[in-house]
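Trainee: got a predicted structure plus its sequence, pasted below:
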Amino acid sequence: MIKSAVAIIPARGGSKGVPRKNLVELNGAPLIWWSIKAALESGCIDKVIVTSDDDDILSVSHELGADVVKRPYELATDEASTLPVLRHALLSMTCEERAHYQYLILLQPTSPLRTSRHIEEAFQLIREGGGDAVISVLRRDSSPLKWFVEKDGVLQGAVNAEFPFLRRQDLPNVCSANGAIYIIGIDEFLKNESLLTKNTLPYYMDEAVSIDIDDTTDLQKAEMIMADSI
């Protein structure tokens, strides 16, 4: 049996920018549906888990086809990190069940424009690219690498003393995580409780599909992009 992946979608009940964000309607469906849908339609994910402290989110997610895990209060506060939430969800499975899966795929529900195609491409990258992990990223302008910082009245290179004097085309590529996809081996994650390894590969995504829903403006932008794609 070829081991595949388990997707975990963390969906806390509380949210500040958009109240009840994970259940708010986007293009005719709850926000969380778009991540569940992408996971279910991908060819590399055999189990989809939604972890939440909120009974309504768990109920809706179950109706939409996901397995659900009720997380404890201490993992649902504003200060709680995603990493122990992932660990809790993985350990909710028995050792025998967990052994069926090789990879953990974190899909944040605030990335509704990430599709099954993106997941499959990122999964292919970790299977064939020789990395230990994959993080979806967005290209950024490398010019800040040329910046200086002022410390104790004198200038220092923001990163090092070399970058400020290099041509922009000679600077390394700069990117930032867009929050859509994180993939790592389950054993690796449980051992180190980190999504970043010494051999993490970037999966580049376009800016248009990298929207991270934080407020109503982001929701409106996502609605417009979805409408244009129909």
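Mentor: On my side now, so go ahead.
Trainee: return the helix or strand in the chain with minimum mean pLDDT.
Mentor: Ranked by mean pLDDT, DSSP states H and E, the weakest helix or strand in the chain is helix 216-229, scoring a mean of 90.
Trainee: for that one, buried residues please.
Mentor: D218, L219, A222 (16 or more other C-beta atoms under 10 Å). Any C-beta I mention is one placed from the backbone N, CA and C, and that applies to glycine too.
Trainee: so what's I119 up against?
Mentor: I119 makes contacts with A7, A38, A39, S42, C44, I45, I105, L107, I181, as judged by C-beta atoms under 8 Å, 6 or more residues apart in numbering.
Trainee: where does pLDDT dip in this structure?
Mentor: The model of the chain has pLDDT under 70 over residues 1-3, 230.
Trainee: need the strands for it, in chain order.
Mentor: Along the chain, the segments classed as strands by DSSP state E run 4-10, 25-26, 29-30, 45-52, 67-70, 101-106, 133-140, 148-151, 154-157, 174-185, 200-204.
Trainee: can you list the strands that the fourth one pairs with?
Mentor: Strand 45-52 sits in its sheet next to strand 4-10 (parallel), strand 67-70 (parallel), going by DSSP bridges.
Trainee: got a list of contacts for the last one?
Mentor: In this structure, residues lying in contact with strand 67-70 by C-beta under 8 Å, 6+ apart are 47-53, 55, 58, 61-62, 88-89, 92.
Trainee: kindly report the same for the first one.
Mentor: The contact list for strand 4-10, computed with C-beta under 8 Å, 6+ apart, reads 32, 35-36, 39, 42, 44-52, 61, 66, 82, 85-86, 89-90, 93, 98, 101-109, 119, 123, 183, 186.
Trainee: and the closest residue in space to L195 that isn't next to it in sequence, what does it touch?
Mentor: Nearest non-adjacent residue to L195, counting by C-beta to C-beta, 6 or more residues apart in numbering: Y182, 4.8 Å away. Y182 makes contact with I105, L106, A133, V134, I135, S136, L195, according to C-beta under 8 Å, 6+ apart.
Trainee: next, count neighbours for the third one.
Mentor: Counted with other C-beta atoms under 10 Å, the burial measure for A133 works out to 21 neighbours.
Trainee: that one and T197 touch, don't they?
Mentor: Yes: at 4.7 Å, A133 and T197 qualify as touching, with contact defined as C-beta atoms under 8 Å.
Trainee: now for these two: what residues contact both?
Mentor: Here A133 and T197 have I184, E188 as joint contacts, going by C-beta under 8 Å, 6+ apart.
Trainee: what's across from Y203 in the sheet?
Mentor: S136.
Trainee: number of residues surrounding it?
Mentor: By other C-beta under 10 Å, neighbour count at Y203 equals 23.
Trainee: so it sits against A133, correct?
Mentor: No: between Y203 and A133 there is no contact under C-beta under 8 Å: 10.4 Å.
Trainee: surely I36 and V60 touch.
Mentor: No: look at I36 against V60 with C-beta under 8 Å: they stay out of range, at 9.3 Å.
Trainee: and the closest residue in space to P144 that isn't next to it in sequence, how far from D152?
Mentor: The shortest distance from P144 to any non-neighbouring residue, by C-beta to C-beta, 6+ apart, is to A158 (6.9 Å). Note on A158: its distance to D152, by C-beta to C-beta, to the nearest Å, is 15 Å.
Trainee: ok, now which ones touch G17?
Mentor: Contacts here follow C-beta under 8 Å, 6+ apart; on that basis G17 touches D214, D215, T216.
Trainee: likewise R140?
Mentor: With C-beta under 8 Å, 6+ apart, R140 has these contacts: V174, C175, S176.
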